[in-house]
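Q: Give me coordinates for this.
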Amino acid sequence: MNYTENNQRRMRNIKVLGIGSSKYKQLTHNLFEVINELDIEAEVEHYEEIDDFLRFNIVEIPTLMIDGEVFSKGRVPNVEELKFFFIPNPVH
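A: Numbering: from 1, shown residues only. Reported below is the predicted structural model:
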């Protein structure tokens, strides 16, 4: 399934912040599963240093940021939940 928004693909900027914990690793795994399944074009950046957390004003890890907006912090969304972060809401 190809994900398209307004019939155009756009590159997503994704930041994963954490310190190599099992939660951080599971978040990364789930994220890449969704990226592959939905065929999302994305630049994924990993941040694992305290200075990075301070720079992004993050106090709970792991944190998932998509296009500069925090979508999850301090927990690991499952694959189905992550899909909702990328699929736009249907227009009524």
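
Q: Give me the distance between stretch 31-43 and the centre of its chain.
A: The chain centroid and the centroid of stretch 31-43 are separated by 9 Å, computed with Cα atoms, centre = their mean, to the nearest Å.

Q: Would you mind listing the buried residues in that stretch?
A: Judged by neighbour count (16 or more other Cβ atoms under 10 Å), stretch 31-43 contains these buried residues: 31, 34-35, 38, 40, 42. No exception for glycine: its C-beta is placed from N, CA and C like everyone else's.

Q: does the residue most central in space within the chain sit in a helix, a strand or a coil?
A: Closest residue to the average C-alpha location of the chain: residue 64 at 4.6 Å, with Cα atoms, centre = their mean. At residue 64 the chain is in strand, as set by DSSP: H, G, I helix; E, B strand; the rest coil.

Q: May I ask you to confirm that residue 70 is in contact with residue 62?
A: No: with contact defined as Cβ atoms under 8 Å, residue 70 does not reach residue 62; the gap is 11.2 Å.

Q: who has more neighbours, these two?
A: Neighbour totals were compared for residue 70 and residue 62, and residue 62 leads with 25 against 15 (other Cβ atoms under 10 Å).

Q: Have a look at the protein and report its longest helix.
A: Of all segments of type helix in the chain, defined using DSSP state H, the longest is helix 22-38.

Q: those helices in the chain, which residues are they?
A: Remark: helices assigned in the chain by DSSP H are 22-38, 50-55, 79-86.

Q: Which among the ones you listed is found nearest to residue 10?
A: Closest of those to residue 10 is helix 79-86, at 11.0 Å (criterion: Cβ to Cβ).

Q: Below-threshold pLDDT in this protein: ranges please.
A: Scanning the chain with the threshold set as pLDDT under 70 gives 1-8, 88-92.

Q: rewinding a little: export the buried residues of stretch 31-43 to TSV and tack on distance to residue 56?
A: Below are the buried residues of stretch 31-43 laid out as TSV (distance: Cβ to Cβ, whole Å):
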residue	distance to residue 56
31	17
34	21
35	21
38	25
40	21
42	18
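
Q: and which of those is nearest to residue 51?
A: Using Cβ to Cβ, residue 31 is the member of these that sits closest to residue 51, with 22.6 Å.
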